[in-house]
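Enquirer: Take this sequence and fold it.
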Amino acid sequence: MEKLLRNTLLYDFYADLLTVRQKSMYHMYFFEDMTMEEIGERLEITRQSVNHSLKQAQKNLENFEEKLGIIALHDTARRHTKELGNALIGLDNERAIKILQELKELF
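Expert: So this is what the prediction gives:
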């Protein structure tokens, strides 16, 4: 499940940086649950070509995250937001202020 979540986040944040063909194949494979054979048939290419394109797309998406770090930033903001909610529910104003300062530093 964690791998699917990561692939979804990579796609959400960086898909527009892929080629149109890579984006299309990635979407069919991960979100339409198509096999490489089915994608190949639809696009009239070999399964090997689909496999190569998917691997290259995945590599590109991981490189974008490595350079830009949007998913890491997203995860940190999510964690801080959850902590902030817990601090506010518990009326821990001091902790809430600290978390808000940490969030401010992120952006």
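
Enquirer: So this structure: which segments form each domain?
Expert: Split into domains by automatic domain parsing, the chain comes to 2-68, 72-106.

Enquirer: what's the most buried one of those domains?
Expert: domain 2-68 (a mean of 15; mean count of other C-beta atoms under 10 Å). C-beta coordinates here come from the backbone N, C-alpha and C atoms, glycine included.

Enquirer: Tell me the span between the first and last residue of that one.
Expert: For domain 2-68, the first-to-last residue distance is 20 Å (C-alpha to C-alpha, to the nearest Å).

Enquirer: Could you number the chain from 336 rather than 1 from now on?
Expert: Done: numbering now begins at 336, and the last item shifts to domain 337-403.

Enquirer: average pLDDT for that domain?
Expert: Domain 337-403 shows a mean pLDDT of 96.

Enquirer: Can you give the distance of the strand or helix carrying Glu418 from its chain's centre?
Expert: Glu418 is part of helix 405-424, with elements assigned from DSSP states H and E. Offset of helix 405-424 from its chain centre (C-alpha atoms, centre = their mean, to the nearest Å): 17 Å.

Enquirer: Please put the alpha-carbon coordinates of it into CSV.
Expert: Extracted C-alpha coordinates of helix 405-424, given in CSV (Å, rounded to 0.1, in the frame of the first residue of the first chain):
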residue,chain,number,x,y,z
ILE,A,405,7.8,18.3,-2.6
ILE,A,406,6.6,15.0,-1.2
ALA,A,407,9.0,15.3,1.7
LEU,A,408,7.7,18.8,2.3
HIS,A,409,4.1,17.6,2.0
ASP,A,410,4.7,14.8,4.6
THR,A,411,6.3,17.2,7.0
ALA,A,412,3.5,19.7,6.7
ARG,A,413,0.9,16.9,7.2
ARG,A,414,2.7,15.6,10.3
HIS,A,415,2.9,19.2,11.8
THR,A,416,-0.8,19.8,11.0
LYS,A,417,-1.8,16.6,12.8
GLU,A,418,0.4,17.6,15.8
LEU,A,419,-1.1,21.0,15.8
GLY,A,420,-4.6,19.6,15.9
ASN,A,421,-3.7,17.4,18.8
ALA,A,422,-2.1,20.3,20.7
LEU,A,423,-5.2,22.5,20.1
ILE,A,424,-7.5,19.7,21.3
